[in-house]
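Peer 1: missing the sequence, but the structure's below:
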Ligand SMILES: [Zn+2]
Ligand SMILES: [Zn+2]
């Protein structure tokens, strides 16, 4: 799998990054079941991300969108993608784009756009509803939404698995876990169990945000979750503009011994 950071800014876009959006690609096969092709999915499509995304892929090359939850910094640029699908004068040949998310996704987007909820954006998006803990197969990916602790009706961490053939010819499963937005919880540890890459939010700082429970992680708490899960690599993300990335990384270093970095828009990682 390959992970490209489109947007990593927490809660709203910053001067150097859109809000949450992560492009994940893996090799799979086409609809004929034989021809190899690259599949591309997004984990979230927050505000500002649709523009930067087009530096990396054409919008028609997108196979699906996987939403962690329905806060605007994680889903609102679906409104722009709807326009690209519906109103491109040259047409849109890729068909409806699958969008996995909470039960309220279709209605929320229609409301955001001031549309009648029926049909809303259903002619552009094939809305599919997450079932907590239930793994979805999508191209080469297996994606499991695991409920986490965040103040909204449904919030999920997304565990993304894909099989690859390693140098010895053996099939190995690679695991990328994305925290979505969450405070510490068992579900997050479960979702990140033995992950090759744990893309984990760290929106808060120790000391500054101690009075707010059940919303976000600090770097230190993210590190603790990574350690408890046995994650092999930790990438901190969702830092708002008022956070200091070095401080977040230093906090995580107190509780996690493995390879550690802060996500930067435009960087790619092999998973
Ligand atoms: Zn957020
Ligand atoms: Zn949120």
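Peer 2: Good, I have the coordinates. Small disclaimer: the values here were computed from a predicted structure and weren't measured. Ligands and ions are numbered 1, 2, ... in the order given.
Peer 1: Point out where the stretch 151-271 of the chain drops to low pLDDT.
Peer 2: When residues are selected by pLDDT under 70, none of them lie in the stretch 151-271 of the chain.
Peer 1: at 90 instead, please
Peer 2: Residue ranges of the stretch 151-271 of the chain with pLDDT under 90: 165-166.
Peer 1: Would you map the helices across it?
Peer 2: Ranges of helices in the stretch 151-271 of the chain, per DSSP state H, counting those that start in this stretch, are 186-191, 219-229, 245-255.
Peer 1: Please list all residues in contact with residue 243.
Peer 2: Contact analysis of residue 243 by C-beta atoms under 8 Å, 6 or more residues apart in numbering lists 10, 202, 203, 205. (Each C-beta comes from the backbone N, C-alpha and C, glycine too.)
Peer 1: which of those tops the neighbour count?
Peer 2: residue 202 (30 neighbours; other C-beta atoms under 10 Å).
Peer 1: hang on, isn't that one packed against residue 219?
Peer 2: Yes - with contact defined as C-beta atoms under 8 Å, residue 202 reaches residue 219; the gap is 4.4 Å.
Peer 1: Geometric centre of this structure: which residue is closest?
Peer 2: Closest to where the C-alpha atoms of the chain average out (C-alpha atoms, centre = their mean) is residue 43, at 2.7 Å.
Peer 1: what's in contact with stretch 185-192?
Peer 2: Against stretch 185-192 from outside (C-beta under 8 Å, 6+ apart): 144, 146-149, 157-159, 177, 179, 182, 198, 200, 225-226, 228-229, 231.
Peer 1: Name the nearest residue to residue 74, sequence neighbours excluded.
Peer 2: Ranked by C-beta to C-beta, 6 or more residues apart in numbering and with sequence neighbours excluded, the top spatial neighbour of residue 74 is residue 44, at 4.3 Å.
Peer 1: Which pLDDT value belongs to that neighbour?
Peer 2: pLDDT for residue 44: 99.
Peer 1: mind checking how far it is from ligand 2?
Peer 2: 10 Å (C-beta to the ion, to the nearest Å).
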